[in-house]
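Peer 1: Model the following, please.
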Amino acid sequence: MPQIEPLSPDAIETLFTRGDGQFLFARWGRPIVPVVFGVTDETVAILKGAIEALCVLTGHKMAETDPELGVNLMVFFVRDWAELPVTPNLDRLIPDLGALTDRLQAAEANQYRIFRFDESGAIKACFAFLRMDDELAQVPADTLALNQMVQALLLWSDKAFTDASPLALLEGRAVLRPDVADLMRAAYDPVLPAMAQDPSHALRLFARTGRVQ
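Peer 2: Got it, this is the predicted structure:
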């Protein structure tokens, strides 16, 4: 794997600055309880393995059940967005599901994530939707799983990773980029708040990456 430079404070700030210019950082504030729909048991195991690996990296926890929600990380695989409105009870979880489906179809999107937050602003739930078009179907299952779980573990900017993947290839296998791994580990430092809206939070994250520029 080629040498990857550490993320600068400006680069970290960009990863959490949304398209409207707002800086917004959030991490999970409770153990993650995942469930996966629409794929084989083998793929479910790969996805859960990716979550487990990232929890080991960050020091975060998984659990068997969430006392409030039962499960709090739901990953849905579909062939067409039209499957969403006919998925039983999904409209209870996702407000305006019909309108969302129309937007995803119009944009020809192949993935979408919705986060829910607790009173402190920490992530309490994530709903990830993937439409397995030709592009995603060509991605190896372990690569797709790791990429999706990286993006579910923090509230990244809506523009994060559009130009560069959080993953890199090592001997033909997709692995988390070292600079992104350092940032994710820093993001779950218990000294830091679970949610921040001040761009100066990027400096606090940088100070905890442990990498010298």
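Peer 1: what packs against the longest strand along the chain?
Peer 2: Across the chain, the longest stretch assigned as strand under DSSP state E is strand 123-131. Counting contacts by 3 or more Cβ pairs under 8 Å, 6 or more residues apart in numbering; DSSP states H and E, strand 123-131 packs against strand 73-78, strand 111-117, helix 141-153. For glycine as for every other residue, the C-beta is placed from the backbone atoms N, C-alpha and C.
Peer 1: out of these, which comes closest to Ala174?
Peer 2: Ala174 lies closest to helix 141-153 among these, at 3.9 Å (Cβ to Cβ).
Peer 1: Which other helices and strands does the closest one contact?
Peer 2: Using 3+ Cβ pairs under 8 Å, 6+ apart: helix 141-153 touches helix 41-58, strand 73-78, strand 111-117, strand 123-131, strand 167-170, strand 173-176, helix 178-187.
Peer 1: Please repeat the previous calculation with a cut-off of 7 Å.
Peer 2: If you count contacts as 3 or more Cβ pairs under 7 Å, 6 or more residues apart in numbering; DSSP states H and E, helix 141-153 packs onto helix 41-58, strand 123-131, strand 167-170, strand 173-176.
Peer 1: Report the buried residues of the last one.
Peer 2: To tie it back to what came earlier, the one meant is strand 173-176. Buried residues in strand 173-176, counting neighbours by 16 or more other Cβ atoms under 10 Å, are found at 174-176.
Peer 1: And stretch 135-146, by the same measure?
Peer 2: The neighbour-count check on stretch 135-146 (16+ other Cβ under 10 Å) flags 142-146 as buried.
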